[in-house]
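>>> Fold the stuff below for me.
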Amino acid sequence: MHPPRILFVSYTAELVGPTKSLLLLLDGLRDRFQVAVLARGRGPLTTELERRGIPYESLASLGKGSIMAMARIIRRGRFDLVYGNNTGGSSENALIAARLAGVPFVCHIRAMAVRRGWRRLSFLRFADAAIAVSAACARVHAKFAGVQPYVVHNGVRTGEPLLDPALARARLAGLADIPASGPLILHVSHILPGKGQDHAVRALAPIVEREPAANLLMAGALGRDLPFERRVRGLIADLGLTGRAHFLGFRPDIVEMLPGGTLFLHTSMTDAHPRAVLEAMLAGLPVVAYGVDGVCETVVDGVTGRMVPVGDVDALAAAALDYLAHPARAAAAGAAGRRRVESDFSAEGCAGKIADILERTLAYRGRRHRASHAQDPVNARVP
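Just a heads-up that it's a prediction; the model follows:
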């Protein structure tokens, strides 16, 4: 018998948080399953799949009009299970296609249900299993799912050598064309209102008053919300922070440069379980963040960083200044964060837990199918 074949459905072919997590998951599952991906279009994700030798198919759309094509792909590939990589419309359509093909469906919930209601999430009730990336995420989605979602936190690849901090610092400073001598405060997220770059800039103002050499480096895709981006740029100018707050744009190599930072700032207003925070902790950076959702399950306040109330920019600045003023305290928090990620948030551990859930789902579905088959009047007569 061949290992179970699983088709992972991705709503995008871009490299974003959910698809980065998907790639790590695929790497960890390949020794127990035959894996393949169905993506919307082509892009950096499919390039990475090709590099890894993971088979994939792409459709121009994963909308309702693609359901029959998805079902044909499932049947043709003889997949045993379909896996939706988030809760968008593509996963809902993949569930319908899985039902048409007669195989179970598992949904991985990777985002909080912000402004999404029954109409968009009721399909979770029909999934064979749901996996949430944090307990906070599971609580929000439990009312939509037919069963209580499993909780499996995101993981990052541990055990690999990190870039020398001095070299990483020099590269970071070079990106912003600034001296490498002052504090480098890092913020990694696409430039969007919910990610709070305006809060980070406001917090920078009192930091620079006390630490004039400090710089804020914001790595993340530009152009996704131009009005917000213009507002943040205007705020930088209004607060006299030109030359102190810098947009680096999307940097696929930002993770390897994290060890060069002084501390990590995370200002998302809601976040199921941010990979950026895990990567910063693994790099040995103290984290100063708004205490929301999955962040509260990752950062240990006062141990691996500081969490402050959402929207409290003064508290954000005060916590950052405390670490800048006490380098030994910052180093201890960074070291504790690295140990915590290595212990509790490894990609290998995440993949192992999800593999167990998939095998359990397949086994349960198989038992249920055999039971219903045996009760059929015709089949019941077969010796």
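>>> For burial, what's the neighbour tally of the residue nearest to residue 354 when sequence neighbours are not counted?
Setting aside the residues directly before and after it, residue 354 is nearest to residue 152 in space (CB to CB, 6 or more residues apart in numbering), at 5.7 Å. All C-beta spots, glycine's among them, are computed from the backbone N, C-alpha and C. Residues near residue 152, counting by other CB atoms under 10 Å, number 22.
>>> In contact with residue 152, which residues are there?
131-133, 350, 353-354, 357 (CB atoms under 8 Å, 6 or more residues apart in numbering).
>>> and if you look at residue 3?
Residue 3 touches 32-34, counting by CB under 8 Å, 6+ apart.
>>> hmm, 6 Å instead?
33-34 (CB atoms under 6 Å, 6 or more residues apart in numbering).
>>> List the contacts of the closest residue to residue 254 other than its chain neighbours.
Excluding its sequence neighbours, the residue lying closest to residue 254 (CB to CB, 6+ apart) is residue 219, at 4.6 Å. Contacts for residue 219 were tallied using CB under 6 Å, 6+ apart; they are 188, 248, 251, 254.
>>> Okay, and the beta partners of residue 219?
Beta-bridge partners recorded for residue 219 (DSSP bridges): residue 188, residue 249.
>>> where do the helices sit along the protein?
Assigned by DSSP state H, the chain shows helices spanning 17-29, 44-52, 67-76, 89-101, 118-121, 135-141, 165-176, 197-210, 226-238, 254-257, 275-282, 313-325, 327-344, 347-375.
>>> what residues go with each domain of this protein?
If you go by automatic domain parsing, the domain ranges for the chain are 5-155+346-381, 165-344.
>>> Using TSV, please lay out those together with mean pLDDT.
TSV is the format used below for the domains of the chain (pLDDT from 0 to 100):
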stretch	mean pLDDT
domain 5-155+346-381	88
domain 165-344	97
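>>> Of all the helices of the chain, which one is nearest residue 7?
Between residue 7 and the helices of the chain, the shortest gap by CB to CB is with helix 67-76, which sits at 6.1 Å.
>>> Give me the buried stretch members for that closest one, please.
67, 69-71, 73-74 (16 or more other CB atoms under 10 Å).
>>> Out of the residues you listed, which is nearest to residue 265?
The closest of those, once distances to residue 265 are taken by CB to CB, is residue 70, at 40.6 Å.
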